[in-house]
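Chemist: give me a model of this one.
(2 chains)
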Amino acid sequence: GQQLNQSPQSMFIQEGEDVSMNCTSSSIFNTWLWYKQEPGEGPVLLIALYKAGELTSNGRLTAQFGITRKDSFLNISASIPSDVGIYFCAGLSTQGGSEKLVFGKGTKLTVNP
Amino acid sequence: NAGVMQNPRHLVRRRGQEARLRCSPMKGHSHVYWYRQLPEEGLKFMVYLQKENIIDESGMPKERFSAEFPKEGPSILRIQQVVRGDSAAYFCASSQASNQPQHFGDGTRLSIL
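Modeler: Predicted coordinates for the structure are as follows:
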């Protein structure tokens, strides 16, 4: 089946640092999404990308949809303690005749004050 | 709160019992998806429903698992004769259309004794 490879698996950074994480796939996706999940909660949508090459920002977050449609990255600038959580990339797949999300395994972010 | 509502948040069952998980989508959303998450993993697609119809159940085990989204009331994910391996967090998501971003509830954590 389709898989998303997300890296790094975990990151430990100091408050104020910038963060970059990425997601690659052997399959093409027409939509990429980035979610953040905190303990005991569901994933919260951060950014949605619809066009190859698209670069979209949401506050301190910036994400890009790769031109090949097989990858995406998420950057967080000037990290703060509340950025802690697990960040998931997801591609909207049309395999099997319907649209559903395929998730990466997540990047666990720890921010030291 | 107009978000996706799931209940219960936690559910404990003994092996062989039935588990019923409920999901009320966001207002105006008629597309519902169920995902399963194991610890340290991303979410895995189970089933996609619209009102009264199962669109794609390719991710759902053939036995013991069923889902419905009736004309009135929440979507239900039903697991019969639960086994220890069913222990996981089950998340529901909803969207306005199949190609629109999915928004998630806070999940039901199912524990099997």
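Chemist: and residue B:29, how far from residue A:31?
Modeler: Distance of residue B:29 to residue A:31, given as Cβ to Cβ, to the nearest Å: 17 Å. For glycine as for every other residue, the C-beta is placed from the backbone atoms N, C-alpha and C.
Chemist: between the two, who's got more neighbours?
Modeler: Ranked by neighbour count (other Cβ atoms under 10 Å in any protein chain shown), residue B:29 and residue A:31 place residue A:31 first, with 20 against 17.
Chemist: give the contact list for the more buried one.
Modeler: A:48, A:49, A:50, A:91, A:92, B:99 (Cβ atoms under 8 Å, 6 or more residues apart in numbering or on different chains).
Chemist: now the fourth one: which helix or strand?
Modeler: Residue A:91 belongs to strand A:85-93 when assigned by DSSP states H and E.
Chemist: what helices or strands is that strand leaning on?
Modeler: Helices and strands touching strand A:85-93, by 3 or more Cβ pairs under 8 Å, 6 or more residues apart in numbering or on different chains; DSSP states H and E, are strand A:4-7, strand A:19-25, strand A:32-37, strand A:71-76, strand A:100-103, strand A:107-112.
Chemist: which residues of chain B fall in strands?
Modeler: For chain B, the strands defined by DSSP state E cover B:5-7, B:10-13, B:19-24, B:31-37, B:43-50, B:53-56, B:65-68, B:75-79, B:88-95, B:103-104, B:108-112.
Chemist: mind putting those into a markdown table with mean pLDDT, distance to residue A:84 and mean neighbour count?
Modeler: Putting the strands of chain B into a markdown table (pLDDT from 0 to 100; distance: least, Cβ to Cβ, whole Å; neighbours: other Cβ atoms under 10 Å in any protein chain shown) gives the following:
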| stretch | mean pLDDT | distance to residue A:84 | mean neighbour count |
| --- | --- | --- | --- |
| strand B:5-7 | 97 | 23 | 18 |
| strand B:10-13 | 98 | 23 | 15 |
| strand B:19-24 | 98 | 27 | 20 |
| strand B:31-37 | 97 | 18 | 25 |
| strand B:43-50 | 95 | 19 | 23 |
| strand B:53-56 | 94 | 34 | 16 |
| strand B:65-68 | 97 | 33 | 18 |
| strand B:75-79 | 98 | 30 | 20 |
| strand B:88-95 | 97 | 19 | 24 |
| strand B:103-104 | 96 | 19 | 22 |
| strand B:108-112 | 97 | 20 | 18 |
